[in-house]
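Participant: Quick one, what's the 3D model for this:
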Amino acid sequence: MTTSEFAPGLLPLREELLRHGNNHSSSTHAWEALADGIDWHQPTSSACWLASARTVSVVIPARQVGYSLPTALDALDAQHHKHEFEVIVVDDASTDDTAHVAARHRVVDRLVRLPQRMGAATARNVGTALATGQTVLYLDGDMVIPPHVITDVATRATDTSVLVGFRHNLRYEVHSQDPAILGRIPNLAADHRVVWRPPPNTTLPYSGITLPEPLDGRPLDDTHDFIDLGYGQSYYDWDLPRMVVTALVAVPRAAVLDVGGFDPDFGRLGWGMEDTYLGACLIAAGLLVIPLRQAVGFHLDPPDAAEQWQHKLAGWPHTLARYRDLLELPVPRGRTHAFTASMSELLTHCEGRP
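Facilitator: Numbers count the residues shown, from 1 in each chain. Reported below is the predicted structural model:
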């Protein structure tokens with residue numbers, strides 16, 4: 001990014017984050033007052049309050065997920081949402097049957113295949129450029145969501161909210177032998193943002209702190225649903241941008257376009273942090289990060305999960321360094337036109353079906 005791509009006179013992103021709270025109580029209470037007694041965190045029936053539902057585009061970045069994508073797409077096909085929503089799969093040059101699975105599944109409205117491996121950030125950017133919904137639900141190709149999630153998102157989403165879901169990891173040996181996975185209920189406490197037990201006497205890479213004693217942490221509860229993470233506050237190794245995880249998160253499309261989408265350099269450097277940076281940009285732009293405790297999906301591990309995890313951790317220092325560098329730059333604003341032009345150019349080199 002060049003200096004011209006940032007609004008003049010803005011503070012560095014790191015300082016701008018200190019100016020924004022995350023007290024979303026008025027938003028959630030206002031929704032509950034209109035929702036006829038339904039709690040914010042309660043699964044929403046297909047008949048609930050749909051007159052005000054926003055349009056939703058599900059964007060799935062897909063790389064080597066042939067083992068999980070059929071189940072993830074089946075779960076989308078089983079959503080009880082009564083309004084139409086679109087599903088866009090962006091295949092990041094997979095060499096397995098990822099593209100074939102997406103091409104033949106009836107729930108997929110559009111499939112695009114990148115010309116070469118470019119990373120999840122770029123794949124999500126392409127999907128966002130193609131999306132027509134007011135709200136974009138980023139969903140990983142190994143996430144299986146319960147049937148109420150699209151309705152939960154569509155009826156709660158606004159122009160100023162980032163709706164955060166959660167994930168329950170299942171080992172490959174478990175889910176590959178369970179044909180009834182769609183009928184199971186994920187456990188909210190399986191997400192590290194809900195129950196967190198970090199190793200003691202070990203430097204935590206995100207914050208650099210070391211905890212001398214074992215900790216039975218409860219980030220979601222102890223921060224009152226992330227409210228207490230505003231104004232640059234932290235919960236040990238966690239802060240508000242880090243709570244924005246794209247395995248399952250819904251954002252207003254217009255806001256993503258305005259900040260220029262995901263920084264594609266993260267995908268070239270390694271794994272992770274592109275969602276944290278997007279979250280930081282959206283928070284600095286005034287959006288509130290609000291959890292949906294009922295929106296929990298199964299994350300289906302690949303057969304070589306341990307090997308992949310070690311590879312990801314090896315690249316994390318590089319992406320974390322990139323994130324810290326970006327914190328010292330102003331918040332990107334007014335980038336919709338540049339973003340759209342960039343994605344239009346990239347799409348001329350992609351394969352895909354309309």
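Participant: Where does pLDDT dip in the stretch 51-200 of the chain?
Facilitator: The model of the stretch 51-200 of the chain has pLDDT under 70 over residues 51-52.
Participant: Show me the strands in it, by range?
Facilitator: For the stretch 51-200 of the chain, the strands defined by DSSP state E, counting those that start in this stretch cover 56-62, 86-91, 110-113, 135-139, 143-144, 161-170.
Participant: Save those strands as JSON lines, and put in mean neighbour count and distance to Met343 too.
Facilitator: Quick note: C-beta positions are derived from backbone N, CA and C, even for glycine. Shown next, in JSON lines, are the strands of the stretch 51-200 of the chain (neighbours: other C-beta atoms under 10 Å; distance: least, C-beta to C-beta, whole Å):
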{"stretch": "strand 56-62", "mean neighbour count": "27", "distance to Met343": "12"}
{"stretch": "strand 86-91", "mean neighbour count": "26", "distance to Met343": "11"}
{"stretch": "strand 110-113", "mean neighbour count": "22", "distance to Met343": "10"}
{"stretch": "strand 135-139", "mean neighbour count": "27", "distance to Met343": "13"}
{"stretch": "strand 143-144", "mean neighbour count": "26", "distance to Met343": "24"}
{"stretch": "strand 161-170", "mean neighbour count": "23", "distance to Met343": "21"}
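Participant: okay if I get those as a markdown table plus distance to Asp225?
Facilitator: Shown next, in a markdown table, are the strands of the stretch 51-200 of the chain (distance: least, C-beta to C-beta, whole Å):
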| stretch | distance to Asp225 |
| --- | --- |
| strand 56-62 | 22 |
| strand 86-91 | 29 |
| strand 110-113 | 34 |
| strand 135-139 | 20 |
| strand 143-144 | 21 |
| strand 161-170 | 10 |
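Participant: for those strands, which one sits closest to Gly315?
Facilitator: Closest to Gly315 of the strands of the stretch 51-200 of the chain, according to C-beta to C-beta: strand 56-62, at 16.6 Å.
Participant: Keeping just the C-alphas, turn the closest one into PDB.
Facilitator: Only the C-alpha atoms of strand 56-62 are listed here, as PDB (Å, rounded to 0.1, in the frame of the first residue of the first chain):
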ATOM      1  CA  VAL A  56     -26.000 -12.800   2.800                       C
ATOM      2  CA  SER A  57     -23.200 -14.000   0.600                       C
ATOM      3  CA  VAL A  58     -21.100 -17.000   1.900                       C
ATOM      4  CA  VAL A  59     -17.500 -16.800   0.800                       C
ATOM      5  CA  ILE A  60     -15.500 -19.900   1.100                       C
ATOM      6  CA  PRO A  61     -11.700 -19.800   0.400                       C
ATOM      7  CA  ALA A  62     -10.800 -23.400  -0.500                       C
END
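Participant: And the strands in the stretch 251-354 of the chain?
Facilitator: Taking DSSP E, counting those that start in this stretch as the test, the strands found in the stretch 251-354 of the chain are 288-300, 351-353.
Participant: wait, what's in contact with the residue nearest the centre of the chain?
Facilitator: Centroid-nearest residue in the chain, with C-alpha atoms, centre = their mean: Thr246, separated by 1.7 Å. Contacts for Thr246 were tallied using C-beta atoms under 8 Å, 6 or more residues apart in numbering; they are 120, 124, 138, 140, 274-275, 278.
Participant: and what of Gln294?
Facilitator: Taking C-beta under 8 Å, 6+ apart, we find Gln294 in contact with 41-43, 146, 148-149, 152.
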